[in-house]
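Undergrad: generate a structure from the sequence data that follows.
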Amino acid sequence: MKVAVLQMQVTLGAPERNTAALYRLAAQAMKARPDVLLLPELWRLGFYPKPVLSYADADGQETRQALAAIAQKYQVNVVGGTVANAIGDKVFNTSYIFDRNGRMLATYHKTHLFSPSGEHEDFTAGDNLVTFTLDGVKCGILVCYDIRFPEAARKLALEDTQVLFLPAAWPLKRLIHWQTLIRARAIENQVFVVACNEAGIDGSEEQLAGHSAIIDPWGEILAEAGEDEEILQGNLRLPIQAQIKETMDIFGDRRPELYKKTPN
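TA: Okay, the predicted model is just below:
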């Protein structure tokens, strides 16, 4: 499976400009004929203008049209990062996933909202983790802050996912956390991690980290971006996952009875 990670430099509160940038980067990425395009978190607005409800895409309609059009035009799977998605008077941080025919396969609402920045005050958290299948490969998705919760990644791994996609808008001041966490989630769950961060400046005028990365189940970094806008290409050699699991049977050696809450 060949993946292309679109590390976009997003302009705050400018959906038309950002959508045009997406089309430009997608066209450029498709020259390498990847099987999957991955976008960053909140690529349509940046992270994020306020009040976010005033900027959000109503039921994700414009977003879904754009992503479906890219998938159909290039016959490519699209893991559509996330967008601010207004459903009634609530806003969700939502990812849409499309297959090569432009058919929507899954919707994921970010489940862990970043309380230090007040994201939980502006968005509504989702209640479900999701998996989906791209070209016969079972995949999962988490978003940015979700990666700090190992239980979420482990649940997806226990459902036999091979690839974990991670859109994000992660700041440079916590770069070491980003690099450590995405690698740890790959190693401890024996999955490929494909992580797409934004570049540029966020809504709090903080420098975003970039450093999108593609990591194999052994923790080897197959590709890593810098801080600027960049397209990262990588080839996931999926059979090595089974080889790694045979070498070290983490899941067979688990003892779930020890991990339950201890009674008072």
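
Undergrad: okay, CA-based contacts and neighbour counts for the rest of this
TA: OK.

Undergrad: where does Cys139 fall, helix, sheet strand or coil?
TA: Judged by DSSP: H, G, I helix; E, B strand; the rest coil, the three-state class of Cys139 is strand.

Undergrad: show me what contacts it?
TA: Thr131, Phe132, Thr133, Thr161, Gln162, Val163, Leu164, Phe165 (C-alpha atoms under 8 Å, 6 or more residues apart in numbering).

Undergrad: swap in Leu142?
TA: Lys110, Leu129, Ala152, Ala153, Leu164, Phe165, Leu166, Pro167.

Undergrad: tell me which stretches of the stretch 151-264 of the chain form helices.
TA: With helices called from DSSP state H, counting those that start in this stretch, the stretch 151-264 of the chain shows them at 175-189, 239-247.

Undergrad: out of those, which gets nearest to Ser95?
TA: Ranking the helices of the stretch 151-264 of the chain by their distance to Ser95 (criterion: C-alpha to C-alpha) puts helix 175-189 first, at 18.7 Å.

Undergrad: and the angle for the closest one with helix 239-247?
TA: 70 degrees (axes from the mean of the first three to the mean of the last three C-alpha atoms, to 10 degrees).

Undergrad: returning to what we had before: for the contacts of Cys139, which one is nearest Asp99?
TA: Closest to Asp99, out of all of the contacts of Cys139 and judged by C-alpha to C-alpha, is Thr133, at 8.8 Å.

Undergrad: where are the low-confidence patches of this structure?
TA: For the chain, no stretch has pLDDT under 70.

Undergrad: longest single strand anywhere in it?
TA: strand 90-98 (DSSP state E).

Undergrad: put the alpha carbons of that one into CSV.
TA: Extracted C-alpha coordinates of strand 90-98, given in CSV (Å, rounded to 0.1, in the frame of the first residue of the first chain):
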residue,chain,number,x,y,z
LYS,A,90,-23.1,21.2,17.7
VAL,A,91,-19.7,21.1,16.0
PHE,A,92,-17.8,17.9,15.7
ASN,A,93,-14.1,17.5,14.7
THR,A,94,-14.9,15.0,11.9
SER,A,95,-13.0,12.8,9.6
TYR,A,96,-14.6,11.3,6.4
ILE,A,97,-13.0,8.4,4.6
PHE,A,98,-13.7,7.6,0.9
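
Undergrad: what's the following helix or strand past it in contact with?
TA: Reading on from strand 90-98 to the C-terminus, the next helix or strand found by DSSP states H and E is strand 104-109. Strand 104-109 is contacted from outside by 68, 92-99, 125-132, 141, using C-alpha under 8 Å, 6+ apart.

Undergrad: quick one, which of the residues you listed are buried?
TA: Those of those that meet the buried threshold are 68, 92-99, 125, 129-132, 141, by 16 or more other C-alpha atoms under 10 Å.

Undergrad: show me the contacts for Thr161.
TA: Thr161 makes contacts with Thr131, Val137, Lys138, Cys139, Gly140, Val191, as judged by C-alpha under 8 Å, 6+ apart.

Undergrad: please name the residues that touch the fifth one.
TA: Contacts for Gly140 were tallied using C-alpha under 8 Å, 6+ apart; they are Val130, Thr131, Phe132, Leu156, Thr161, Val163, Leu164, Phe165.

Undergrad: quickly note the distance from the second one to Val3.
TA: Using C-alpha to C-alpha, to the nearest Å, we find Thr131 at a distance of 17 Å from Val3.

Undergrad: ok, the third one next?
TA: If you measure Phe132 against Val3 using C-alpha to C-alpha, the figure is 16 Å.
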